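# What would the 3D arrangement of this be:
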Amino acid sequence: MAMELEYDRSLYGIEHVAGPFEITDEIIDRANSSTGETGPAFISDAGAKEAGYRGRIAPPTLCCILVRQVSLPDVKVKFGRTQMHAGQRVEPKAPVYAGDRLTASSHLKDVYAKTGRSGTMVFVVWETTFTNQDGQVVAEVQESFAKRE
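Next up is the predicted model:
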């Protein structure tokens with residue numbers, strides 16, 4: 001028997017926009033440093049051009065860092081006392097270059113219950129699409145948060 005979840009269903013279909021995020025060399029340096037990225041295309045324009053890019057690119061995980069700056073509403077799940085981050089996935093779609101201006105658009109993707117060895121948990125899943133100044137989608141990030149008793 002499926003558990004009937006109580007939460008704010010009116011959030012479906014609403015986009016929450018953030019940005020623009022200016023992608024500077026300093027931001028790329030910090031992302032490289034936090035992930036241990038040392039590939040030539042991420043370090044310099046020369047290395048990027050040698051790899052076939054028009055200039056220095058950011059590591060794909062940069063959008064995972066930027067997504068933390070997107071303000072999302074409370075889904076008001078009537079379940080559990082503890083909430084935790086339950087995972088994140090990034091799907092790079094196009095290179096992010098130094099000098100780009102990215103916009104984030106997030107929407108509620110799913111709310112569901114799952115029962116396992118440790119009991120029942122409710123998952124809230126958000127999907128964020130990052131678009132550059134030319135309207136090109138550069139990445140999609142999916143984040144899950146879990147609530148449990």
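
# For Phe21, which residues are in contact?
Neighbour list for Phe21: 66, 69, 101-104 [criterion: CB atoms under 8 Å, 6 or more residues apart in numbering]. C-beta: built from backbone N, CA, C; applies to glycine.

# And the strand ranked longest in the chain, what does it pack against?
In the chain, with assignment by DSSP state E, the single longest strand is strand 101-116. Counting contacts by 3 or more CB pairs under 8 Å, 6 or more residues apart in numbering; DSSP states H and E, strand 101-116 is packed against strand 16-22, helix 62-66, strand 119-131.

# got the contact list for the helix ranked longest in the chain?
Counting by DSSP state H, the longest helix found in the chain is helix 25-35. Residues outside helix 25-35 that contact it (CB under 8 Å, 6+ apart): 37-38, 42-43, 56-59, 61-62, 65, 98.

# Contacts for whichever helix or strand comes after it next, please.
Note on helix 25-35: by DSSP states H and E, the next helix or strand toward the C-terminus is helix 40-43. The contact list for helix 40-43 (CB under 8 Å, 6+ apart) reads 28, 32, 46-48, 50-51, 53, 56-59.

# Would you enumerate the residues in contact with Arg68?
Arg68 neighbours (CB under 8 Å, 6+ apart): none.

# Name the SS class of it, please.
Following DSSP: H, G, I helix; E, B strand; the rest coil, the label given to Arg68 is helix.

# Likewise for the one 3 residues further on?
For Ser71, the secondary-structure state derived from three-state DSSP is coil.

# so what's it up against?
For Ser71, the contact set (CB under 8 Å, 6+ apart) comprises 16, 18.
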